[in-house]
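>>> Need a 3D model of the sequence below.
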Amino acid sequence: MGAEIATREAFEWVINESNKMVRAGSIIFRLQNDIVSHKFERNRKHAASAVECYVKEHMASEDEAVEFLWTEISKAWKDIAEACQKPTPLLVALTDRVLNFARSISVIYEKEDGYTNSYLLKAHLSSLFVDLIPL
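A predicted model of the protein is given here:
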């Protein structure tokens, strides 16, 4: 990021507990990952996903859990949008990175686990770096 961005103030902003934007980006990542990969992870006897925790805690169906988690993801996107409405010179560079991280997660975990199954991202990556639009 460069020394002009990676300042003490920037690090304090990132770790601040009241930082809704970083928290929202983390929520988007965690929940979207759990939604698309919980069945696969369950078969590996991996840690419980947010879907499984919600089902167990609320005695809900898997579909109800997924619907609830998508609602939480939507709220997190609203928090990011709200944070983007109040930029400061230092924070613009940082908020751009959090926003781009959340956008990337939405593509990687759109319908399936593109991180684990990277071949699913081939079309997206090709459109960005190989199949350029002529100007």
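
>>> from the middle of its chain, how far away would the worst-scoring helix or strand of the chain on mean pLDDT be?
The helix or strand of the chain with the lowest confidence, counting by mean pLDDT, DSSP states H and E, is helix 122-129 at a mean of 77. Remark: helix 122-129 is offset 20 Å from the chain centroid, using Cα atoms, centre = their mean, to the nearest Å.

>>> hmm, who's touching it?
Val107 (Cβ atoms under 8 Å, 6 or more residues apart in numbering). Quick note: C-beta positions are derived from backbone N, CA and C, even for glycine.

>>> In three-state terms, label the nearest residue to Leu121 once chain neighbours are set aside for me.
Leaving aside its sequence neighbours, Leu121 sits nearest to Gly114 (Cβ to Cβ, 6 or more residues apart in numbering; 4.7 Å). What DSSP: H, G, I helix; E, B strand; the rest coil gives for Gly114 is coil.

>>> which residues touch Gly114?
Gly114 neighbours (Cβ under 8 Å, 6+ apart): 107-108, 120-121.

>>> Among the residues you listed, which one has the most neighbours?
Among those, the one with the most neighbours (other Cβ atoms under 10 Å) is Ile108, at 20 neighbours.

>>> could you measure the residue most central in space within the chain against Tyr54, distance?
What sits nearest the mean C-alpha location of the chain, by Cα atoms, centre = their mean, is Phe29, with 2.9 Å. Between Phe29 and Tyr54 the computed distance is 17 Å (Cβ to Cβ, to the nearest Å).

>>> hmm, back to that, including distance to Val98, pLDDT and secondary structure, could the contacts of Gly114 go into a markdown table?
Below are the contacts of Gly114 laid out as a markdown table (distance: Cβ to Cβ, whole Å; pLDDT from 0 to 100; DSSP: H, G, I helix; E, B strand; the rest coil):
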| residue | distance to Val98 | pLDDT | secondary structure |
| --- | --- | --- | --- |
| Val107 | 15 | 83 | helix |
| Ile108 | 16 | 82 | helix |
| Leu120 | 24 | 77 | helix |
| Leu121 | 21 | 75 | helix |
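
>>> Much appreciated, bye for now.
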